[in-house]
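Participant: Task: produce atomic coordinates for the following.
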Amino acid sequence: MTGISDTATGGKRIWGLSPNVFFLGMVSLLTDVSTEMIFTLLPLFLRHVLRAPFTAIGLIGGLSESADAILRILSGWFSDRIGKRKLLAVLGYSISTIAKPFMYLAGSWCAVLGIRFSDRVGKGIRTSPRDALVADSVSAGERGRGFGLHRAMDTFGAILGLAIAAIIIYLVQGGGLELGLDTYQWLVLVGVVPAVLAVLVLLIFVREPGRKPSPDYEGRVAPTGHRGLIKGFDSRFKVFLAIMAIFTLGNSSDFFVLLRAWNLDVSLIYVVVMLILFNVTYAVISLPAGMLSDKLGRRRVITLGWFIYALVYLGFALASEVWQVWLLFAGYGIYYGLVEGVARAFVADLVVEEKRGTAYGLYHGVVGLTLLPASLIAGWLWQAYSPAAPFYFGAALAFAAMLGIMGLIRE
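Facilitator: Numbering: from 1, shown residues only. A predicted model of the protein is given here:
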């Protein structure tokens, strides 16, 4: 869309990319160490310790993912308006870091909802400006690689966080199917430390890249008000958002993936190791998938990822043995590795540089807003019909999204 500034691409490079990409990856790595320790096992904490009903778990999972949706849109738009990304990213990471220690004191699912909501407010403020920072820091031909590296580092943080969690679980309670209160409180205490380090890395090492004006926007006045959020976008981007909404309606909170493993009598320590397998696969796939999308196109890689997702969800619906769950967690990691970074690079391909913050806000906002009804539907299907029902529903909508992206969008 536009050339990238010398500030972003020139000078010393780390692993062949701008230092910003590496240090933003390090921020995400440390944050994910913290988040995986504190929030990944949250559905088990809600069910085992607080005895929350499945509908409440679905509400918390969906609302915690959707609560930040509007903020992602507004923070992305605001970062475009002020021409600054880092300030909002620091604010968002700081809010999440402040919220996390309160999980140590949580004694009801309502309290968990409030704490998780605060954490997601921080995520809503930071995510779109951070993704725009990554996009601003690489050239067009490096976007897939840049986002792939960022996602790989983010996911490596999840691996570390889960490995530390597994050690704590083993030391505090050993085996067993259910998560204990003492174990969870230790996870919170240790998990706060990397969250603080992430904010420090962002403050010290990440720089605001200079940006050149887009030829499409020279001489124009940036639109203001709510119309400024939707004007100036290619129709392909709008169609992509609609297709993402269809896919996400069947892609409920990952809370239900964890509950499905527990439903099949997988012990707690094995659930954590399965999550490590998922994240290892995710991390290994992310960078090659991004590089592949630079050569073959984003749309083909996203379609392949959604196809694998549909097969994995069908597998979760039909699974009856623990060994099958191991394979499904690995397949789920392949889906994430193929789609997460590539979809974000695709957004940058479809919009001009001056609208990237807003575009990422709309992208994350559509996904986030759709996750609330998706998780409520999943919770209702689980409780009203069977644990397999949400996964049949998700697989069907994934196939519909595949047809949409291949038939309606051209690169």
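
Participant: what about residue 284, how many residues close to it?
Facilitator: Counted by other C-beta atoms under 10 Å, the residues lying close to residue 284 total 16. (C-beta placed from N, C-alpha, C; glycine too.)

Participant: Now for it: which residues touch it?
Facilitator: Contact analysis of residue 284 by C-beta atoms under 8 Å, 6 or more residues apart in numbering lists 152, 337.

Participant: do you know how far it is from residue 76?
Facilitator: 30 Å (C-beta to C-beta, to the nearest Å).

Participant: How about residue 399?
Facilitator: 30 Å.

Participant: and the two? which has more neighbours close in?
Facilitator: Taking other C-beta under 10 Å, residue 399 and residue 76 do not tie; residue 76 has more neighbours (32 against 16).

Participant: I figured that one was touching residue 355, is that so?
Facilitator: No - counting by C-beta atoms under 8 Å, residue 76 stays clear of residue 355, with 9.1 Å between them.

Participant: Tell me the confidence at residue 149?
Facilitator: On pLDDT, residue 149 comes in at 86.

Participant: quick one: the helices in the stretch 101-250 of the chain?
Facilitator: For the stretch 101-250 of the chain, the helices defined by DSSP state H, counting those that start in this stretch cover 109-136, 143-172, 181-205, 235-249.

Participant: low-scoring pLDDT stretches of this protein, where are they?
Facilitator: For the chain, applying pLDDT under 70 flags the ranges 1-11, 15, 64-65, 67, 175-177, 210-232, 411.

Participant: Including distance to residue 343 and mean neighbour count, could the helices of the stretch 101-250 of the chain go into TSV?
Facilitator: Shown next, in TSV, are the helices of the stretch 101-250 of the chain (distance: least, C-beta to C-beta, whole Å; neighbours: other C-beta atoms under 10 Å):
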stretch	distance to residue 343	mean neighbour count
helix 109-136	11	24
helix 143-172	9	23
helix 181-205	23	18
helix 235-249	8	18
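
Participant: Adding distance to residue 289, write those out as a markdown table.
Facilitator: A markdown table is the format used below for those (distance: least, C-beta to C-beta, whole Å):
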| stretch | distance to residue 289 |
| --- | --- |
| helix 109-136 | 16 |
| helix 143-172 | 6 |
| helix 181-205 | 25 |
| helix 235-249 | 17 |
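
Participant: so which of the ones you listed gets nearest residue 379?
Facilitator: When the helices of the stretch 101-250 of the chain are compared for distance to residue 379 using C-beta to C-beta, the nearest one is helix 109-136, at 12.9 Å.

Participant: Output the contacting helices and strands for the closest one.
Facilitator: helix 19-38, helix 42-48, helix 54-66, helix 69-82, helix 86-99, helix 143-172, helix 322-350, helix 356-384 (3 or more C-beta pairs under 8 Å, 6 or more residues apart in numbering; DSSP states H and E).

Participant: So for the third one, what gets flagged as buried?
Facilitator: Going by neighbour count (16 or more other C-beta atoms under 10 Å), the buried part of helix 54-66 is 54, 56-66.

Participant: From residue 31, how far off is residue 197?
Facilitator: Residue 197 is 9 Å from residue 31, by C-beta to C-beta.

Participant: what does residue 145 give?
Facilitator: 22 Å.

Participant: Same question for residue 37.
Facilitator: From residue 37 to residue 31 the distance is 11 Å (C-beta to C-beta).

Participant: now residue 361
Facilitator: Applying C-beta to C-beta to residue 361 and residue 31 gives a distance of 19 Å.

Participant: Counting neighbours, go ahead and name the busier of those two.
Facilitator: residue 361 (30 against 27).

Participant: Find the residue closest to the more buried one in space, skipping its chain neighbours.
Facilitator: residue 76 (2.6 Å; C-beta to C-beta, 6 or more residues apart in numbering).

Participant: which residues touch that neighbour?
Facilitator: Shown in contact with residue 76 (C-beta under 8 Å, 6+ apart): 128-129, 132, 356-362, 364.

Participant: Does residue 36 touch residue 168 like I think?
Facilitator: No - between residue 36 and residue 168 there is no contact under C-beta under 8 Å: 11.8 Å.

Participant: What distance do you get for the residue lying closest to residue 152 once chain neighbours are set aside to residue 17?
Facilitator: Computed as C-beta to C-beta, 6+ apart, the closest residue to residue 152 that is not its neighbour in sequence is residue 286, at 4.2 Å. Residue 286 sits 14 Å away from residue 17, going by C-beta to C-beta.
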